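Chemist: Sequence and predicted structure, then a few things I'm wondering about:
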Amino acid sequence: MRPVEIGLDGLLCLLLLVLAWKALRAPHLYQSAIYFIALGLVMALAWVRLAAPDVALAEAAIGTGLLGVLLIDSLRVFARDSKTDPDAESEEPPPGEINVYPAGSARPSGRTLPMILVTASCGLLAILLVEAIIELPDGGGLTAAAQENLERSGVDHPVTAVLLNYRGYDTWLEVGVLLLAMLGIFCAGGRVGFAETRQSNPPGHLLSWLIRALAPLMILAAAYLLWLGKLAPGGAFQSGVILGSAGILLRLAGFQVISRLPPLAVKLGLLLGFGVFLIFGGAALLTGRAFLEYPEARAGELILLVETAAAVSIGFTIFAFFAYLNSRDQPEAQENHAREEGGNQKP
Amino acid sequence: MTLNEWLPLIIVASSLVPGLVIFFLAEHQVTARTVLNLFGATLKLLLVLVVYYGILRGNEYEFRYDIGVDLEFSLRVDLLSLLFAILSSILWLVTTLYAISYLEGSPNRRRFFGFFSICVTASTGIALSGNIVTFFIFYEFLTLATYPLVVHRGTEAALQAGRTYLWYTIGGGTVLFVGVVWLFVLGGSMEFDRTGALAGLAGEHSGQLKILFWVLIGGLGVKAALVPLHGWLPIAMVAPAPVSALLHAVAVVKAGAFGILRVVYDVYGIELAEELGLLTGLAVIASVTIIYGSMRALAQDDLKRRLAYSTVSQLSYIALGTATLGVTGSIGALVHLVHQGVMKITLFFCAGNLAETLGLHKVSELNGVGRRMPLTMAAFTVAAFGMIGLPPIAGFVSKWYLGLGALEAGRPWIVAVLLTSSMLNAAYFLPIVHAAWFREPDGEWTVKRRARYLETSWMLLAPAIATAVLSLAIGLFAATQWSPLEMARQIAEAWYADR
Amino acid sequence: MCFLLPARLRAPTGLAVAAVTAAAAVALAWQVAVDGMIRHNLGGWDAPLGIGLYADGLSCVFLVLTGVVGLLVSVYARSFFSLPEEQEGATKLFWPLWLILWGALNGMFLSADLFNLYVTIEVVGLAAVALTVLSGRPPALVAGLRYLLAAIAGSMAYLMGVALIYGSVSALDLQVVAQSIEGGSSLRVAFGLMIAGLLVKTAVFPLHFWLPSAHSSAQAPVSAILSALVVKASFYLILRLWVDVFDGSVTVAAGQALGALGAAAVLWGSYQALRQRRLKLMVAHSTVGQIGYMFLLFPLITLAHQGGADAPWLIHAWTGGIYQALAHGLAKAAMFLAVGVFVLAVGSDDREATVDLVGRLPMTTFALALAGVSLIGLPPSGGFVAKWMLLKATFTSGQWWWAPVILIGSFLTAGYVFMVLRQAFAPTKTPIQLKPVPRAMEVTALLLGAAAILIGFRAEEVLFLLDVEAPFQEAVEAEEGGGL
Amino acid sequence: MIAGIETHQIYAVTAGLLFCMSLGGLFLCGHFFKKIIATKILGTAVFLLFISLGKRNAMEFADPVPQAMVITGIVVAVSAGAFALALARRIWRETGQSTFEDKP
């Protein structure tokens, strides 16, 4: 390995550590969020350096992109609501500059001891962990096994083969996790269903037009990525995320997306990926194969089908995360909701 | 499985099933409940007698059931278990009659009779247990089933008493638990018919065995009300009279005493217990309890509390007899188990009658009450004389054997304890008897008119008289073949057969 | 077989699915009992590339426990969530969430793959949190967030351990890992991380901080599910890793350390329960204490293992620990359901408010009493068998220092159980109007309580099932292909 | 000496350090928002270790199994994070509480 590479990697790692430190220690939430997003982008570089472009794509799109949007959107809530709090009026921080410690309460005292304890034990853990990591053998892994069976898997890209064939069960559960998280968010929000409102300050005409034009392109791009997944980095998750971001952009431009769909379609969209997997797995069982086993000859087509369903669901769910949270915390939505609740209570 | 194997289980179930069914009856289905109760009680008595007859003819009755690993549930009938089983089933029948009348019209009777039957189940179970685990299971079961009865009235005092009762019994249960597990680890499943399993360990583990003995006695001593573990008994007297009568004269306290008998004779075996020098300690504790209980009884004005302290004192006669080495002492202990039960239940019935009919709770209120309730007080007098140990009543027989046993074993100080105790007994019973018969009536109750021809309801009166007659009879006919004394003799002789 | 993960079903359908799932669990257990352990390779790929499902005695015992408790809780929940009081928030999501949770639990008991286990843990965790916050009441929300953060941290620690293991042996399948494992500091650290992560999820002292608030602020059926089943799942996983995977590398010290945590939990949890005034908090703290008992298993089996696989107390320790899990599962579910009925009827969660319930809600009081008896460990009950076995193992193995913990724990448990019962016997001066409670709710609570008692009568079947591929028999070589 | 260090080792050690740092952060940060960020970094650290292990022998292309697992992991982590954010937002809106310590 060349020293230049070592230097590059070292620098990258150092940057990772510094960014993480900053994200955790920044005095303002806004800064934390920004550092975190930056960390995610640098991390994507690290994935590329580690020859894992699939992960880089996923991380950039989901880990940083989607979560970043959600984090920033949440900041808006944390900032706005403190403004409406009459007690905090006097010490109102400038928008986006929310102090970590809530207005009115000083930095909690008496936390020195736990801090020392936690720092010490984390330090100890770090030593143990680094030692353990260094001790790991230099070889190993399942690359060879995965390559060997690639022919039977119906796809040409090993990561896709692992995701959808060798370990398809995990992926199925993972689509389930997305669905579950959506249900969880419904619980946290206290109600099921979306209440999108028109953005109070719609973006300019040009931007609106641009986004509208962009949306079909993004859908096209998603389809391409999906198909590409058979051969090269790409696949259901990445394409799903692009679909989701198309939705988020539309939403940011003030379009009502979900409200236009009938509720049944919304549910179907959320369930599609999970359901197709299940139907497919059940069918495999019925035809005498193991659960989620693909018949070798038609594996390619079937995987594409399952992937498409998964991608649609992923995109839809990711968008739904945003749409739900975003709309839930619009002031108008709250009022609507309050009215709704009041109406419900009367009879 | 043959009937003989199932019979012990059926005996236990004959009170459990009615108990459980009662919970599902409605509160107002009095007739159904009464019939069920009496049916169960009669059935149990009959079955026990059938088994007794079978045992005399040499049949064996054993029920075994594997819970898992090495936990085994086993019911087995021997003479000692029969002695206790006959006693509980006769007294259950009598007490059921009494309770039906006593509680007439009071709330929550369904609950009362349900738990009451379950208590009897537990005490029969204790009697029939074939090994120490089964014994422990029923012992704890008894604790649980009696708790609702103690707090039955739901008053602050009852709840308080319930709390005290639980602290004592659960504490005792926990200690016993340790002891039982320890015993198990040392000597296996501890079937009661395989005495001597521990004897082989005497050399190597004698220290452990000694400690273990005191752990076991500590656990059992709570229910047997050995000083200083007796504190719950007088307090628990807030329970309704039938509960005090059956549970605190028979079921609960006898469970402890019975356990001590089992531990000394069937678990350790008399040889080993002697070899380890455990019996003298037990005798001393028992003596202290006897004297202390009597002294405290003297100072009580509340009639039931006086009776309760008397129980504390009298119960330890059993432990004392157990600890007196020798066959005669053991006979005394065994026969006192029965005699004390019959006499004490009579006293409690009478106390209940006085409280129920005239509202009298205190010794000082009893002046002249014999004129108003002659039959009740006659029963009381018989039982009290028995307690003191006057011949020919049952108490005399047991005290006689205990004293004789002490002399045979060469421990004359025990005789001194017995004499002192009898004197104290006389001192706290005779004034009651005297006041009831020879003092002028002066209480408020004298103004009340007699409601009926009888001094009180016949269902209250009959049980008291029956048990009084019984205590007279078992004293008078002690020498016959069917008397408790004869049974006790057979049991004790079996224990000492190999000596 | 048990991947029934339906979603978005309303009560009747949900109930039907619950019945089918429970029946499937029992059927699977039966099959395992008859034919021995079953392995099914998902997607038709063998380990190490594919994921296997694997059912042996241990997993079946937990599957059946989940099935029984799950079914009864479902019946209860059906009545509970049709009450007008419990309609707020997103309660109509109960069914999909609960069935997903159940499916994930089953998946976890069957999975034979370290990473797949991570995914199932995560599903269990998310679903459990979502159920906690179902009512949308602020205390539940805060408790839920605390739970969620603890759960994420725990599963990340677990995943870190998985990464280290994959790094050193290049396999994820439990059996393959178990066979290729050798000592070394990286494995020790991996093991430590995985266990620590799972300890957070099992809420072992002192990592229990999230449990009381979460379990007490959830709605009654949810609390029952969380306390009876969800914490058991991570306990199961610790047990599985401990005896099947890290079999050779666990040390006596590690066992003692887990035992010490368990002992501290027993004492602390029970003591805290005694101090609570709110019923549900009391029951939740009691869970902390009872979980501690299960961890007394580890020092006992570890030492046994060092002393050879045929140490005489092994069977006691093993049975005791599992029995504790079973008995607690049943009894705690019964208790939460019974308390749910109380709260509903009285309208208050205060311990003092339960006056005179014995006369007015006899069935529920009885359920509570039965559950309490089992928790205390009084005979005859499942809890008694558990404590008997554990105590015996401590004596036989010479580790008598655990014995006082077991006993003091029982004593404290008796304290809080009877404090409630005592109150229930007290008559009221001013009778409170009780709200009517659906009969099904009372009956299910009673059934669970009775089950906790009844398993104390028959340990044989459970033992037999446990014996199928018991971890102490070194015969895991036979791999039976996907026999479903 | 330096030439002996492999790329994956640098990243693996970084992963270990990141893990510990964010674990500490999770305990010490007060605000929900930062706690959530800490859990995200915690996840990232784990994924980094996975991938760096996958890089060990194949220079051209990393071991696909950890890659697939990490993709799964990222999705799971994001779902959990989104759920946590939703909860934190609701709590803030309902009670104005933003840490576990303050009781409004």
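Modeler: Yes, it's here. Numbering: from 1, shown residues only, chains lettered A, B, ... in the order given.

Chemist: Now name the helix or strand holding A:Phe274.
Modeler: helix A:263-286 (DSSP states H and E).

Chemist: Tell me if that helix is near chain C.
Modeler: Yes. Residues of helix A:263-286 are located near chain C by C-beta under 8 Å from any C-beta of the partner chain, namely A:Lys267, A:Leu271, A:Phe274, A:Leu278, A:Gly281, A:Leu285. Every C-beta, even on glycine, is put in place using the N, C-alpha and C of the backbone.

Chemist: so what's the backbone phi/psi at the residue positioned nearest the centre of chain C?
Modeler: Centroid-nearest residue in chain C: C:Lys232, 2.3 Å away (criterion: C-alpha atoms, centre = their mean). The phi/psi pair for C:Lys232 (degrees, to the nearest 10) reads phi -60, psi -30.

Chemist: Can you tell me how far B:Leu103 is from B:Phe116?
Modeler: From B:Leu103 across to B:Phe116, the span is 10 Å (C-beta to C-beta, to the nearest Å).

Chemist: what do you get for B:Ile388?
Modeler: Separation of B:Ile388 from B:Phe116 (C-beta to C-beta): 31 Å.

Chemist: burial measure for the closest residue to chain B within the stretch 151-300 of chain A, as a count.
Modeler: Proximity of the stretch 151-300 of chain A to chain B (C-beta to the nearest C-beta) peaks at A:Phe291, 35.4 Å away. Using other C-beta atoms under 10 Å in any protein chain shown, A:Phe291 is surrounded by 24 other residues.

Chemist: Please enumerate the helices of the stretch 51-200 of chain A.
Modeler: A:53-58, A:67-84, A:112-135, A:143-148, A:150-153, A:158-161, A:168-189 (DSSP state H, counting those that start in this stretch).

Chemist: now do the stretch 351-484 of chain C
Modeler: Under DSSP H, counting those that start in this stretch, the stretch 351-484 of chain C gives helices at C:357-360, C:362-376, C:382-396, C:403-425, C:439-454, C:460-467.

Chemist: what's the angle from the fourth one to helix C:362-376?
Modeler: Read that as helix C:403-425. In terms of direction (axes from the mean of the first three to the mean of the last three C-alpha atoms, to 10 degrees), helix C:403-425 departs from helix C:362-376 by 170 degrees.

Chemist: buried residues in helix C:403-425?
Modeler: C:403, C:405-425 (16 or more other C-beta atoms under 10 Å in any protein chain shown).

Chemist: Same check on the second one?
Modeler: The neighbour-count check on helix C:362-376 (16+ other C-beta under 10 Å) flags C:362-376 as buried.

Chemist: elements contacting that helix?
Modeler: Packing contacts for helix C:362-376, counted by 3 or more C-beta pairs under 8 Å, 6 or more residues apart in numbering or on different chains; DSSP states H and E, involve helix C:314-346, helix C:357-360, helix C:382-396, helix C:403-425, helix C:439-454.

Chemist: Dump the ones you listed to TSV, plus mean pLDDT and distance to B:Leu3.
Modeler: Shown next, in TSV, are these (pLDDT from 0 to 100; distance: least, C-beta to C-beta, whole Å):
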stretch	mean pLDDT	distance to B:Leu3
helix C:314-346	89	33
helix C:357-360	74	39
helix C:382-396	88	29
helix C:403-425	87	39
helix C:439-454	89	26
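
Chemist: how about those in a markdown table, adding distance to D:His31?
Modeler: Formatted as a markdown table, these follow (distance: least, C-beta to C-beta, whole Å):
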| stretch | distance to D:His31 |
| --- | --- |
| helix C:314-346 | 33 |
| helix C:357-360 | 44 |
| helix C:382-396 | 43 |
| helix C:403-425 | 36 |
| helix C:439-454 | 41 |
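
Chemist: Show me the one of those helices that comes nearest B:Ala251.
Modeler: Comparison of the helices and strands packed on helix C:362-376 against B:Ala251 by C-beta to C-beta identifies helix C:403-425 as nearest, at 20.1 Å.

Chemist: Which elements pack onto that closest one?
Modeler: Using 3+ C-beta pairs under 8 Å, 6+ apart, helix C:403-425 sits against helix B:132-150, helix B:156-187, helix C:252-275, helix C:279-295, helix C:357-360, helix C:362-376, helix C:382-396.

Chemist: Among these, show the one with the smallest mean pLDDT.
Modeler: Of all the helices and strands packed on helix C:403-425, mean pLDDT reaches its minimum on helix C:357-360 (a mean of 74).

Chemist: residue contacts, the most centrally placed residue in chain B?
Modeler: Geometric centre of chain B, nearest residue: B:Val250, 2.5 Å, by C-alpha atoms, centre = their mean. Counting by C-beta atoms under 8 Å, 6 or more residues apart in numbering or on different chains, B:Val250 touches B:Leu87, B:Ser88, B:Leu91, B:Ser123, B:Gly341, B:Lys344, B:Ile345.

Chemist: Among these, which are located in helices?
Modeler: Within the contacts of B:Val250, residues falling in helices by DSSP state H are B:Leu87, B:Ser88, B:Leu91, B:Ser123, B:Gly341, B:Lys344, B:Ile345.

Chemist: Reformat these into a markdown table and put distance to B:Trp214 and pLDDT next to each item.
Modeler: Formatted as a markdown table, those follow (distance: C-beta to C-beta, whole Å; pLDDT from 0 to 100):
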| residue | distance to B:Trp214 | pLDDT |
| --- | --- | --- |
| B:Leu87 | 28 | 89 |
| B:Ser88 | 28 | 88 |
| B:Leu91 | 31 | 88 |
| B:Ser123 | 25 | 89 |
| B:Gly341 | 27 | 89 |
| B:Lys344 | 27 | 90 |
| B:Ile345 | 31 | 90 |
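
Chemist: which helices and strands does the host helix or strand of B:Leu83 pack with?
Modeler: Using DSSP H and E, B:Leu83 falls within helix B:79-102. Contacts defined by 3+ C-beta pairs under 8 Å, 6+ apart place helix B:79-102 against helix B:30-56, helix B:109-128, helix B:241-246, helix B:252-261, helix B:327-353, helix B:458-476, helix B:484-495.

Chemist: Residues contacting the third one, please?
Modeler: Contacts of helix B:241-246 from elsewhere in the structure, counted by C-beta under 8 Å, 6+ apart, are B:91-92, B:95, B:98-99, B:102-103, B:116, B:119-120, B:146, B:149-150, B:152, B:236-237, B:304, B:307-308, B:344-345, B:348-349, B:351-352, B:355-356.

Chemist: Same question for the lowest-mean-pLDDT helix or strand in chain D: list its buried residues.
Modeler: Counting by mean pLDDT, DSSP states H and E, the weakest-scoring helix or strand in chain D turns out to be helix D:7-28, with a mean of 85. By neighbour count on 16+ other C-beta under 10 Å, the buried set for helix D:7-28 is D:7-28.

Chemist: Let me have the helices and strands packed on helix C:403-425 in a markdown table, extended by distance to A:Asp54.
Modeler: Compiled in a markdown table, those are given as follows (distance: least, C-beta to C-beta, whole Å):
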| stretch | distance to A:Asp54 |
| --- | --- |
| helix B:132-150 | 62 |
| helix B:156-187 | 59 |
| helix C:252-275 | 38 |
| helix C:279-295 | 40 |
| helix C:357-360 | 60 |
| helix C:362-376 | 51 |
| helix C:382-396 | 49 |
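
Chemist: By proximity to chain C, which residue of the stretch 201-347 of chain A wins?
Modeler: Using C-beta to the nearest C-beta, the closest approach of the stretch 201-347 of chain A to chain C is made by A:Glu293 at 3.6 Å.

Chemist: List the residues that contact the closest residue in space to that residue that isn't next to it in sequence.
Modeler: In space, and not counting its chain neighbours, A:Glu293 is closest to C:Gly44: 3.6 Å by C-beta to C-beta, 6 or more residues apart in numbering or on different chains. By C-beta under 8 Å, 6+ apart, the residues touching C:Gly44 are A:Arg289, A:Ala290, A:Glu293, A:Tyr294, C:Gly50, C:Gly482.
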